[in-house]
Structure formats: C-alpha cells, structure tokens
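K.L.:
below are the sequence and a predicted model; questions follow.
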Amino acid sequence: MNNLLHDDDALAFATQQAASLPLDKFDMSDAEMFRTDTHWPYFERMRKEEPVHYCPESRYGAYWSLTRYKDILAVDSNAEVFSSDRDITIFDQPDDFELPMFISMDQPKHHEQRKVVSPIVAPKSLAILESTIRERVINILESLPVGEEFNWVDKVSIELTTQMLATLLDFPFEERSKLTFWSDVASGGRMAGVVDSAKHRREALMDCLNVFQGLWKERADMAPNNDLISMLAHGEATQNMPPLEFLGNVVLLIVGGNDTTRNSITGGLLALNQFPDQYQKLIDDPSLIKNMVPEIIRWQTPLPHMRRTALEDVKIQDKLIKKGDKVIMWYISGNRDESHFENADQFIIDRKNARSHLSFGYGIHRCMGNRLAEMQLRVLWEEIVPRFKVEVLEKPTRVRSNLIRGYSELPVMIKPY
C-alpha cells in the first residue's frame, strides 16, 4: 500500500482519540472528519463496541448511528417503519426553504414520481448511451497532457459526469459548468465552502430554478422526449409540481447524476495508486474491470450516510429507538464491516462479494442511476488501461462534507507504458 497518499499524522491522532474518548462523546456528524479522512477508527470502534450508537447532542440535534452492515440493510429495507419523508440527511432543511424531492418521500408518492424518470436508465436507454459515453471518454483522455501534472478532478471526473448530465437533462451543452456549480451548492453549500451564507445558497438555487423553469416550459409545449425535464413536464405525477418541489427533484437528479459518479471516478484512481499491486493486477488482466467497478464504489462510498426517521418505537439489537428519532445509516461504515467484507480495509479488484456493497442503498430508495454510474466507470477504465497509466502525485484535497465523500483536487501525471 502506498502510504504517501495518506495523512498518517492526522490518522494516528484520530486513532488515539477514538480509543480514548468515551463512546457517548462520539459525534460522527462532524464534517471535518470527512475532510481529513480520519473517521475510520471511530467507526471501527463503534462497530466493535456499540454498533447502534446514540449521540445525544450535535449541531443537528440527537441521532442514532447504525454502523454494521446487517443493521443498515435491515433499516434501509423497511420503509414501513423507517420513513424518508422528514429528510434523508442528518441535518434538517430549514422550514422556510424546504425542497421536497422523491428520494425524501414515502409511498405512494415516491414511487409515482420516481417511475416518471426511471425510463432514462432502462436497459434500452443505457445501451444507446454507452456509445456516447465511450466517445466522450476517448475525447477527454486523448486531450490530457502526457508527462505534465494536472488535476484529475477537473479534467476527467467533473468533465465526464457533467457532459453526461447535460445530455440526460438536454441542458445547453456550452453552459454545463452551471450544473457542476449547482450540484456543489446543493450537496455541500456552506459546509464545503461553495457558498458563504444561507442567503447566497438560496440565491444560487433560485437561479437554478429559474433556468429550469424556462426549460420546463419549452419541453411542456413540445412532444414528449427522452430527457429528464421532458419526462417531468409530461409525467402525470410530476407535471403539476409546485416550484420548490420541481427544484427539489431537479437538484436530486443533478446531484445523483453528478456527485456520486464523479467522486467514484476520482476515488477509484486514488485506490489503485494506494494499492499498486491491484493496479498491476488490472493492467495484467483488464477483464477484471467489470468486477473492479463495484469494488471502487464500495471503497469510495460516495454518500457516507442516509437518514431515516422512526415511525414507531422499535428495537435494533438491544437499543430502543423511539418514534420520531433520527436514525443515520452510515454506509461508509457498513462497507468496511469485516463481518461481511473480508479484509474490508483492503482494495481488492477481484473481491467476490464487491457487488453487495451498500453505496446505492437498498429497498424502494435504491439508487435509480446505479447502472449508469457503473457503466461510466467501466467505460472509463476500459479506455484508460490500453492507453497509459495514471500516477497520483500528492494527497487529494477532500470536500468538507458529511453527506458527499468528495474531492476538489487530485494531482496526477500520465505515464505511457
């Protein structure tokens, strides 16, 4: 393993702190832990000693943490008892600027709205999209400088996913950088330093709404088309949405189509450089790409958590979760649970059960675009491996967020074989 890509001092300090701090003082909502990538020893101790953990005080109020694979899976699969309707993040949206979206709705409204846009990721649509993705991947890779340092996040991760998102939305291609900005505002906001105030965040999102309302009106006056805005404009369950609900669903589609894939593109390259034996294994046998993709997504866990709210008193293991309590499913911990993934902290591209990761969620809220995300990663590595090797030069700069496990910089250099 390449230790040059880790902040060993910060991790050593966190390991010491995690071992000595009383468990009732653990607050895993601290976004700084995710920026410094030092949350691992805390989650490891929680899995061993108190896998269903209560945090009585945090900046977001009290909440329960689930850190083991089986408990997370059980809650994520039980929408009857654990609701998504009161938000799906550890932090509550301000009451005066609530953005309803179908991921944070219960049945039947969740299903009714989700099925409006789901055809875009149906097998037939994905088969058509693959050639477009491959063409764009090739163009991006062949434009990269060889033997010069550059930021992989900007040149590859953001560029590929934003181009794809513009296609799915049929958004003006030359203005696609706006999609990246709105995605960052929605998912990170002040926490990630993208905007400097709640007012600034609201203004940016209202600008997003204004632009998409214009696109909505255009599509509503046209025959139905195979793009997300047209689907929403013509869908029986979505065509009469109030403005903030429309904005909420647009934000969901932007973040879902951008942040998760883009950060897995960066995280996968980082993992291969941290585990050079696996990179060599990939070069020697490119047929492993198909299995490597879910291992990248397990390893990266682009969304560290999702939240549910208990609709009734319920016991998980020996802990009583009361009606109305916040329950946080820490996917990032479940994906490192040794009871499910052998050698869970190792990046193993031919891992046999990689596909059972928690990163896409389970049950009715399982990520709608999971196959599209996997396809983008697969095509990217199918085109990288025959061309060159990508060497990571320095530690990444991570986004300060407990919701998105993201990167703003990853300095790299292309090395020809």
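P.N.:
The structure has been received and is ready for your questions.

K.L.:
for the stretch 51-200 of the chain, which residues score under the pLDDT cut-off?
P.N.:
Across the stretch 51-200 of the chain, residues meeting the criterion (pLDDT under 70) sit at 86, 88, 90-115, 188-193.

K.L.:
where do the helices of it begin and end?
P.N.:
Secondary structure of the stretch 51-200 of the chain by DSSP state H, counting those that start in this stretch: the helices cover 69-76, 109-117, 123-142, 152, 159-169, 177-187, 198-220.

K.L.:
format those helices as CSV; extra columns: mean neighbour count and distance to Ile364.
P.N.:
The C-beta positions use only the backbone N, C-alpha and C, and glycine is treated the same way. Listed next are the helices of the stretch 51-200 of the chain as CSV, based on neighbours: other Cβ atoms under 10 Å; distance: least, Cβ to Cβ, whole Å:
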stretch, mean neighbour count, distance to Ile364
helix 69-76, 21, 9
helix 109-117, 18, 6
helix 123-142, 14, 20
helix 152, 24, 35
helix 159-169, 22, 22
helix 177-187, 22, 22
helix 198-220, 16, 26
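
K.L.:
which secondary structure elements does whatever helix or strand Lys281 lives in contact?
P.N.:
Assessed by DSSP states H and E, Lys281 sits inside helix 276-284. For helix 276-284, the helices and strands in contact under the criterion 3 or more Cβ pairs under 8 Å, 6 or more residues apart in numbering; DSSP states H and E are helix 243-274.

K.L.:
circling back to that earlier point, and of the helices of the stretch 51-200 of the chain, who's closest to Met231?
P.N.:
helix 109-117 (5.1 Å; Cβ to Cβ).

K.L.:
still on that earlier bit, a markdown table for the helices of the stretch 51-200 of the chain, including distance to Ala373?
P.N.:
Formatted as a markdown table, the entries for the helices of the stretch 51-200 of the chain read as follows, by distance: least, Cβ to Cβ, whole Å:
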| stretch | distance to Ala373 |
| --- | --- |
| helix 69-76 | 18 |
| helix 109-117 | 15 |
| helix 123-142 | 11 |
| helix 152 | 18 |
| helix 159-169 | 9 |
| helix 177-187 | 14 |
| helix 198-220 | 22 |
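
K.L.:
run through who's touching the helix holding Lys281.
P.N.:
Contacts to helix 276-284, defined as Cβ atoms under 8 Å, 6 or more residues apart in numbering, come from residues 2, 271-273, 288-289, 292, 347-350, 381, 385, 389.

K.L.:
about what we covered before: so for Ile265, which of the helices of the stretch 51-200 of the chain sits nearest?
P.N.:
Shortest distance between Ile265 and the helices of the stretch 51-200 of the chain, using Cβ to Cβ, is found for helix 159-169: 6.8 Å.

K.L.:
just the angle between the closest one and helix 123-142, please?
P.N.:
150 degrees (axes from the mean of the first three to the mean of the last three Cα atoms, to 10 degrees).
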